[in-house]
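Requesting a structural model of the entry that follows:
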Amino acid sequence: MQPIYITYLNRFDIEAAALSDAEILAAIEESLAMQGRRETEIEPRVHLEPRAGVEGHFNVLRGWIGGEIDAAGVKVVGDFVDNYKQGLPSEFGILNLFDPRTGTPRAVLDASGITDMRTGAVTAIGAKYLARKNSKVLGHIGARGTAYWNVRLLDSLFDFDEIRIHSRRPESRDAFAERLRRDLKKDVIVTEDWQSCIEGADIVVEASRLSEPTPMLKTEWIKPGALVVPYGTMSAVELSLTDIMTKMVVDDWGQCKGGKFGSLRAHVEAGKLSEQTLHAELGQIVAGLKPARESEEETNLFWHRGLSLSDIALGHAFLKKAESIGAGHRLRYA
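Predicted structure coming up:
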């Protein structure tokens, strides 16, 4: 057997590759279009909940993308709510990429940053197709790692006049606001409660970290014509939220219709979100197979649970960029 080598990108390699906002969005948008054209395979995520005496679990995401990317991938990412008490981020991830014809391993990447970036990119691409083009006020709940890329990539598309953020812990939301002010070069409003963050916003993103489902986001606060993007692990919305929606869109119905977690789990179980009420998967819209927003009057909802395809596509983009600048490590596998 010939020697087998894998490429390893650690966090410093990912940072060195430094994909631009436009490069991140392009990689994710193309992967969504490929999903819509059925040039991919995706398996619903599975969860591992260790009996380790802490609040946390692992997500295992699996998929395949054809075309130029031509790779199968598996990502394992932990989600541990109380990591901040130890000065650690809540999520650590590893992305493994394989040759889809032989199963030979190709690459191992730190996927912590990739997870944050691809989540923000999917949020932003969802808004590109489902929000009003002139959306100028963002209301964002949550300050975890994915929150930064939500706001940054949304602002790159919409150039908001007003950005409001709220998070449960004051120290968390204040630090988040300072980072955004520094990087976006604009003011960010920190609110003391959910209502003042959400009410009247053109785009609402709910990325909270709740221990159990709690209806913190009231349906009556949603502005007619807004886009709502809820994706917290535990639901923070009322059951009535889906009643006011013109279009309801998800990233992958196979993932959204089953499983234990998810912001709209109760809505699926109650039949409020079903194959009959679902407008489309986002990939179908990006590929031009289903209509995007069609009027200023629409109030729309986009629920994304996270796609392995996004991880694979962004991982591939980082590998190409890293190779071009001489970053990364070549490791002997066998």
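
Where does the spatially most central residue of the chain sit, in terms of helix or strand?
Centroid-nearest residue in the chain: residue 119, 2.1 Å away (criterion: Cα atoms, centre = their mean). Applying DSSP states H and E as the criterion places residue 119 in helix 112-130.

That helix - what's its average pLDDT?
Average pLDDT, helix 112-130: 96.

Run the chain-centre distance for it.
Helix 112-130 sits 5 Å away from the centroid of its parent chain (Cα atoms, centre = their mean, to the nearest Å).

Kindly report the same for stretch 203-218.
Worked out by Cα atoms, centre = their mean, stretch 203-218 lies 15 Å from the chain centre.

Next, the buried residues of that stretch.
Residues of stretch 203-218 classed as buried by neighbour count (16 or more other Cβ atoms under 10 Å): 203, 204, 205, 206, 207, 208, 209, 210, 213, 216, 217. Backbone N, C-alpha and C define where each C-beta goes, glycine included.

Would you mind measuring from residue 209 to residue 173?
12 Å (Cβ to Cβ, to the nearest Å).

Between the two, which contacts overlap?
Listed as contacting both residue 209 and residue 173 by Cβ atoms under 8 Å, 6 or more residues apart in numbering is no residue at all.

picking that back up, ok, the residue nearest to the centre of the chain to residue 330 distance?
From residue 119 over to residue 330 the distance is 29 Å, taken as Cβ to Cβ.

try residue 256
Counting by Cβ to Cβ, the separation of residue 256 from residue 330 is 39 Å.

Settle it for me: which of the two has more neighbours?
Legend: neighbour count by other Cβ atoms under 10 Å for residue 256 and residue 330, higher for residue 256 (22 against 8).

tell me the contacts of that one?
Here residue 256 is in contact with 250, 262, 264, 268, 273, 303, 305 (Cβ under 8 Å, 6+ apart).

now the strands: where do they sit in the stretch 151-300 of the chain?
All strands of the stretch 151-300 of the chain, identified by DSSP state E, counting those that start in this stretch, fall at 162-166, 189-190, 203-206, 227-230, 247-250, 280-281, 300-303.

between those strands, which one is nearest to residue 126?
Comparing these against residue 126 with Cβ to Cβ, the closest turns out to be strand 300-303 (4.0 Å).

helices and strands around the closest one, which ones?
Strand 300-303 is packed against helix 112-130, strand 227-230, strand 247-250, with contacts defined by 3 or more Cβ pairs under 8 Å, 6 or more residues apart in numbering; DSSP states H and E.

To residue 73, which of these lies closest?
Nearest to residue 73 among these is helix 112-130 (10.8 Å), distances taken as Cβ to Cβ.

okay, now residue 47: neighbour count?
Using other Cβ under 10 Å, residue 47 has 13 neighbouring residues.

Just the element for it, please.
strand 40-48.

tell me what that strand is packed against?
Secondary-structure packing of strand 40-48 (3+ Cβ pairs under 8 Å, 6+ apart): helix 21-36, strand 56-65, helix 253-256, helix 308-325.

okay, the strands of the stretch 151-300 of the chain in TSV with mean pLDDT and distance to residue 196 next?
Formatted as TSV, the strands of the stretch 151-300 of the chain follow (pLDDT from 0 to 100; distance: least, Cβ to Cβ, whole Å):
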stretch	mean pLDDT	distance to residue 196
strand 162-166	97	7
strand 189-190	98	9
strand 203-206	97	13
strand 227-230	97	17
strand 247-250	97	26
strand 280-281	98	32
strand 300-303	97	22
